[in-house]
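Student: Following is a predicted model, sequence given first.
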Amino acid sequence: MFTVKIQGLVRHSKKIVTLYFNKKIPSYPGQFVMLNLSGYEEIPLSLSSPNSVTVKAVGDTTRALVEGNFEFVGLRGAFGEPFTISDRALLVAGGIGIAPLKYLYDFLKSLGYEVELVYGAKSSEEIIWKNEFENATFATEDGSFGIRGTVLDVLKGRNFEKYSKIYCCGKEEMMREVYRLLETKNCLNKAEFSLERFMRCGIGVCGSCVLKNGLRVCKDGPVFKAECLEGIF
């Protein structure tokens, strides 16, 4: 484990913040770190850039991170399998699932690749980086930002043939629906999904994140090709 200083905090809403570290973590989009805040349980967090994590308050550690009353955190990593890079990309994000996809979006754009984003959440408050994406379609369930509906409502009318890769991250229910939609369109071979599970070690030893097909989210993922997830979704 190594220690980094928090050099900046951007508060997107009452429950969501981005923490910026004073150094870049050698990593690729889709990888995660194990973050240790003194007095709290160590947790996995996807990198939202080489030097940041974006956090939603859902448990004791994440609530403490969102409150922001600290100067240093401990990190292990980066760990895990990253996204595969491709030049004509569709990114599908649900809620805080935008975090690893923001890293991927910026990485792909830096290479000059074509990137399209579909991003949904319950309300406008949960949509972050509203002005930082080009070629983006937003959806909220309450209609407070973008179209009223879900990412599935947006995707149902899409022609997936024009994309070389489709990347998805969000709540598992949403990803399951995206998986099934792509399956009906015979496009699963293009898709990669970033999964979230409870993790203790982050390096494939403890078994806390093993899927029912035997794959470990921390070591074999968190990014999986869709073909590896048959029977999971």
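Tutor: Perfect, I can see it now. Numbers count the residues shown, from 1 in each chain.
Student: Okay, helices next: where are they in this protein?
Tutor: 60-67, 98-110, 151-155, 172-184 (DSSP state H).
Student: Of those helices, which is nearest Phe133?
Tutor: Between Phe133 and the helices of the chain, the tightest spacing by CB to CB is seen for helix 98-110, at 6.7 Å. All C-beta spots, glycine's among them, are computed from the backbone N, C-alpha and C.
Student: Could you identify which of the helices of the chain is most buried?
Tutor: Each of the helices of the chain was scored by mean neighbour count; the highest is helix 98-110, a mean of 23, by mean count of other CB atoms under 10 Å.
Student: what's the closest of the helices of the chain to Lys130?
Tutor: In terms of CB to CB, the element of these nearest to Lys130 is helix 98-110, at 10.7 Å.
Student: Show me what the longest strand seen in the chain is in contact with.
Tutor: Criterion DSSP state E: the longest strand present in the chain is strand 2-11. Here strand 2-11 makes contact (CB atoms under 8 Å, 6 or more residues apart in numbering) with 17-23, 68, 70-76.
Student: List only those of the residues you listed flagged as buried.
Tutor: Neighbour counting with 16 or more other CB atoms under 10 Å marks 17-21, 73, 75-76 as buried within those.
Student: Make TSV out of the residues you listed and add pLDDT.
Tutor: Shown next, in TSV, are those (pLDDT from 0 to 100):
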residue	pLDDT
Val17	97
Thr18	97
Leu19	97
Tyr20	97
Phe21	97
Val73	96
Leu75	97
Arg76	96
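Student: and of the residues you listed, the nearest to Met175?
Tutor: The closest of the buried ones among the contacts of strand 2-11 to Met175 turns out to be Thr18 (CB to CB; 22.5 Å).
Student: The closest one pairs with what?
Tutor: For Thr18, the beta-bridge partners are Val10, Thr54 (DSSP bridges).
Student: start the count at 115, not 1, going forward
Tutor: Sure thing, new numbering starts at 115, so read that last one as Thr132.
Student: Below-threshold pLDDT in this protein: ranges please.
Tutor: Scanning the chain for pLDDT under 70 picks out nothing.
Student: can you list the domains in it?
Tutor: 116-193, 202-308 (automatic domain parsing).
Student: Ser127 touches Ile242, doesn't it?
Tutor: Yes. Taking CB atoms under 8 Å as the definition, Ser127 is a contact partner of Ile242 at 7.3 Å.
Student: Of those two, give the one with the bigger neighbour count.
Tutor: Ile242 (22 against 15; other CB atoms under 10 Å).
Student: what sits against the residue nearest to that one when sequence neighbours are not counted?
Tutor: Closest residue to Ile242 apart from its sequence neighbours, by CB to CB, 6 or more residues apart in numbering: His126 at 4.1 Å. By CB under 8 Å, 6+ apart, the residues touching His126 are 132, 168, 242-243.
Student: now with 10 Å?
Tutor: His126 makes contacts with 132, 168-170, 180, 239-244, as judged by CB atoms under 10 Å, 6 or more residues apart in numbering.
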